[in-house]
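S.K.: curious how this folds, go ahead:
(one chain, ligands or ions: 1)
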Amino acid sequence: MTRHIILGDSDDTPDGALAAAYAALDQGQVHEAYDLAAAALSAANGDNLRLEARALACLAHCDRIHSRLRRASGTSRRAAQLFEQLGDAQGEANALTTLAHVCMLLGRNDEAVEAALLSVQLCKTKQPQPPAVLALNSLGLAYSWGGDHKRGDAALELAVETARRCEPAVSVFQPRINQVWVEASRLIDERFHTGAMRSLARLASLVAECRELERAGIGFALLPGLQAFRAVISPASCALLATWQGDAGLAQTEFEAARRALGTTVTWLDAFVRWCAAEMAWARQDWAATQLELERMRDLALSVEHEQLACRAHLLLIQVFELQGRHEDALRENRILRQREQRVVADSLSHREALVSWRLGARQSERHLQQALVASRQFERWSLEDALTGIANRRHLEQVLDEELRLHASAGQPLAVALLDIDQFKSINDRFTHEVGDRVLKTVAGIMSSQLRKRDLPARWAGDEFVIVFANATAGSAAQVCERVRSAITSFDWESIAAGLRVSVSIGLAEAMSGDTNASLLHRSDTSMYRVKPRSGT
Ligand SMILES: Nc1nc2c(ncn2[C@@H]2O[C@H](COP(=O)(O)OP(=O)(O)OP(=O)(O)O)[C@@H](O)[C@H]2O)c(=O)[nH]1
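M.R.: Residues are numbered from 1 along each chain as shown. Now for the predicted structure:
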């Protein structure tokens, strides 16, 4: 039954729910954990991406533990993508490790190796951290299930080294027990191809080391929720080894221990234990029991979406049929195996398609974001710029003047403001056309800009009136610049614009006084400009 947890109380924060979910997983309460993570996800409400990513990562982990592998693959991929968008490399790496693990179990080996390799790269830091161990652990398993046991073992060995280099060092149990698994896989492949297992020495030494770690009290997994798994995997691995070494008594004892440790929920461990039973029957050459256990193993593996174990059961069945001379049955089993493998490949390809379309979507939204940024910068510029002359507009001028007056008041920094008016501009429009008038305005703005320091701001106030803000300047020094501007305007070759055109300007100047506002300062410079403005210009 699904319970609905609603987060509301102050203690019941989404962070608290996620921590509680991981704790519940460690106690084997997967449903409880799932509900808590789902509550955190709905609290994210689609607008808290970081919480959404973390809740999805937790849900994926719950699904992985609970053998809902297809759902876990979708959820962990989404979590990885969100973390990537957020620039959270560690979150992305953890989600990719989960993705690699579930893809591997689903038989999507290429995808699994790819996700694990990416995770390993994202985890690379000077001082290794536990996530790096987990990433290498997934990579090792992915290689091995992909058929490359040598590479798998090497990646797991690196995981062991990395675990030792962590500060504080973390348990090497998880990669070691996976090396047991990889070696056992290698051995049954060897038996399939050559009819025999050449040496059990490496498997025996790995199993012994895992047992030693358990005895020393450091035989635990790094991920929450996997502790219960250890109680099954460890005796089941011993049962396999004892069977292959011909110790039926020990095999039976270990097998019983593994069976007792199985939980009430069916997981891939149930299929693993059936495999042990099949191997024990195989050793007794009890082919009927072997076949029955392998069929159970296959069905259980399929019920928990563990494609790899299901394929392994098919492979073992083929061999068992051949050993009995039942070639027709072996051929039929082989055909079923091929069909299964083809389905897995098709499944993997459709996931690749989904991934490519997501990447395209992400690229597009990245481009849209860039375009929106460019557009908003453009809008911002436009909103502060005079459309005709390209210099600052009245809005921009007021902003700058506010800031300069604040500096003047707080730091006593001098400030001068000039108001420049084109003489008889109306008659320029009237005599030479409005278009020439526009060119005059643009040219005056250009001359002003070219004569000023970088810190000074030329702006168009209105019509034919311009303002210059002389930051950190007294009226005396500003007057010299104004004179330079005035004379540059007068001496400009206006004839190049229209024959007979002459342009002059009148400039009034005011220096900021304490208590000045934009309006009072501009008003004084305006008054000063009118004082100097003759009917025909200065
Ligand atoms: N070409 C052009 N003319 C403009 C623009 N904005 C305002 N004007 C004109 O500028 C003229 C300003 O005229 P007035 O305010 O009388 O000033 P003035 O003719 O320079 O007279 P004084 O200031 O006394 O020298 C008006 O005729 C406006 O129509 C513009 O963007 N382009």
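S.K.: only C-alpha atoms for contact and neighbour calcs from this point on.
M.R.: Will do.
S.K.: following the helix or strand harbouring Val232, which helix or strand shows up next?
M.R.: Take DSSP states H and E as the rule and Val232 turns out to sit in helix 227-245. Next helix or strand after helix 227-245 toward the C-terminus (DSSP H and E): helix 248-261.
S.K.: quick one: that next one to chain centroid distance?
M.R.: Its chain's C-alpha centre and that of helix 248-261 lie 44 Å apart, by Cα atoms, centre = their mean, to the nearest Å.
S.K.: now that helix: buried residues?
M.R.: Buried positions in helix 248-261, judged by neighbour count with 16 or more other Cα atoms under 10 Å: Ala248, Leu250, Ala251, Gln252, Thr253, Glu254, Phe255, Glu256, Ala257, Ala258, Arg259, Ala261.
S.K.: likewise for stretch 87-98?
M.R.: By neighbour count on 16+ other Cα under 10 Å, the buried set for stretch 87-98 is Asp88, Ala89, Gln90, Gly91, Glu92, Ala93, Asn94, Ala95, Leu96, Thr97, Thr98.
S.K.: stretch 100-114 now?
M.R.: Neighbour-count burial for stretch 100-114, counted by 16+ other Cα under 10 Å, picks out 100-114.
S.K.: what does the chain put close to the ligand?
M.R.: Proximity of the chain to the ligand, by Cα under 6 Å from any ligand atom, involves residues 422-427, 429, 434-435, 437-438, 463-464.
S.K.: all the strands of this structure, residue numbers only.
M.R.: Along the chain, counting by DSSP state E, strands occupy 415-422, 457-462, 465-471, 505-511.
S.K.: adding mean neighbour count and mean pLDDT, write the ones you listed out as JSON lines.
M.R.: Converted to JSON lines, these look like this (neighbours: other Cα atoms under 10 Å; pLDDT from 0 to 100):
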{"stretch": "strand 415-422", "mean neighbour count": "26", "mean pLDDT": "96"}
{"stretch": "strand 457-462", "mean neighbour count": "23", "mean pLDDT": "94"}
{"stretch": "strand 465-471", "mean neighbour count": "24", "mean pLDDT": "95"}
{"stretch": "strand 505-511", "mean neighbour count": "24", "mean pLDDT": "95"}
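S.K.: who's in contact with the spatially most central residue of the chain?
M.R.: What sits nearest the mean C-alpha location of the chain, by Cα atoms, centre = their mean, is Glu84, with 1.2 Å. The neighbours of Glu84, taking Cα atoms under 8 Å, 6 or more residues apart in numbering as the test, are Glu92.
S.K.: and the gap between it and the ligand?
M.R.: Separation of Glu84 from the ligand (Cα to the nearest ligand atom, to the nearest Å) stands at 50 Å.
S.K.: and the gap between that residue and Asn137?
M.R.: Distance of Glu84 to Asn137, given as Cα to Cα, to the nearest Å: 22 Å.
S.K.: again with Ala471
M.R.: Counting by Cα to Cα, the separation of Ala471 from Asn137 is 64 Å.
S.K.: kindly report the same for Pro414.
M.R.: In terms of Cα to Cα, Pro414 sits 68 Å off from Asn137.
S.K.: compare these two and say which is more crowded by neighbours.
M.R.: Here Pro414 and Asn137 are compared on neighbour count by other Cα atoms under 10 Å; more neighbours surround Asn137, at 28 against 19.
S.K.: so where's this structure shaky on pLDDT?
M.R.: Residue ranges of the chain with pLDDT under 70: 1-12, 46, 219-228, 355, 357-359, 361-382, 534-538.
S.K.: the residues of the chain next to the ligand in helices, which ones?
M.R.: Phe425, Lys426, Ser427, Asn429, His434, Glu435, Gly437, Asp438 (DSSP state H).
S.K.: just curious, which of the residues you listed is nearest to Ala236?
M.R.: The nearest member of these to Ala236, counting by Cα to Cα, is Asp438 at 90.3 Å.
S.K.: give me the neighbour count for that closest one.
M.R.: 17.
S.K.: show me what contacts it?
M.R.: By Cα under 8 Å, 6+ apart, the neighbours of Asp438 are Leu388.
S.K.: same thing but 6 Å
M.R.: Listed by Cα atoms under 6 Å, 6 or more residues apart in numbering, the contact set of Asp438 is empty.
S.K.: gap between it and Phe432?
M.R.: Counting by Cα to Cα, the gap from Asp438 to Phe432 is 10 Å.
S.K.: Pro414 now?
M.R.: Distance of Pro414 to Phe432, computed by Cα to Cα: 41 Å.
S.K.: again, but for Ala519
M.R.: Taking Cα to Cα, one finds Ala519 at 34 Å from Phe432.
S.K.: which one of the two is surrounded by more residues?
M.R.: Neighbour totals were compared for Ala519 and Phe432, and Phe432 leads with 15 against 10 (other Cα under 10 Å).
S.K.: if I look at that one, how far off is Glu495?
M.R.: For Phe432, the distance to Glu495 (Cα to Cα) stands at 12 Å.
S.K.: which residues of the stretch 201-350 of the chain fall in helices?
M.R.: For the stretch 201-350 of the chain, the helices defined by DSSP state H, counting those that start in this stretch occupy 201-215, 227-245, 248-261, 268-283, 287-303, 307-323, 327-384.
S.K.: got the contact list for the one residue in the stretch 101-250 of the chain that gets nearest to the ligand?
M.R.: Shortest the stretch 101-250 of the chain-to-the ligand distance, computed as Cα to the nearest ligand atom: residue-wise this is Leu122, at 57.9 Å. Residues counted as contacts of Leu122 (Cα under 6 Å, 6+ apart) are Ala93.
S.K.: if you set the cut-off to 8 Å instead, what comes out?
M.R.: By Cα under 8 Å, 6+ apart, Leu122 lies in contact with Ala89, Gln90, Glu92, Ala93.
S.K.: now the last one: closest residue in space that isn't a chain neighbour?
M.R.: Pointing back at Ala93 there. Distance criterion Cα to Cα, 6 or more residues apart in numbering; nearest residue to Ala93, sequence neighbours excluded, is Ser119 at 4.4 Å.
S.K.: the one you found touches Thr98, doesn't it?
M.R.: No: the pair Ser119 and Thr98 does not pass the contact test of Cα atoms under 8 Å, sitting 9.6 Å apart.
S.K.: which neighbours do these two have in common?
M.R.: Residues within reach of Ser119 and of Thr98 at once, by Cα under 8 Å, 6+ apart: there are none.
S.K.: ok, now how distant is Gly412 from Val400?
M.R.: Gly412 sits 16 Å away from Val400 when distances are taken as Cα to Cα.
S.K.: which of those two has more neighbours?
M.R.: It is Val400, of Gly412 and Val400, that has more neighbours when counted by other Cα under 10 Å, with 17 against 13.
S.K.: residue contacts, Ala184?
M.R.: With Cα under 8 Å, 6+ apart as the criterion, the residues that contact Ala184 are Leu203.
S.K.: can you check Ala20 too?
M.R.: If you count contacts by Cα under 8 Å, 6+ apart, Ala20 has them with Ala33, Leu36.
S.K.: ok, Leu331 next?
M.R.: Here Leu331 is in contact with Ile318 (Cα under 8 Å, 6+ apart).
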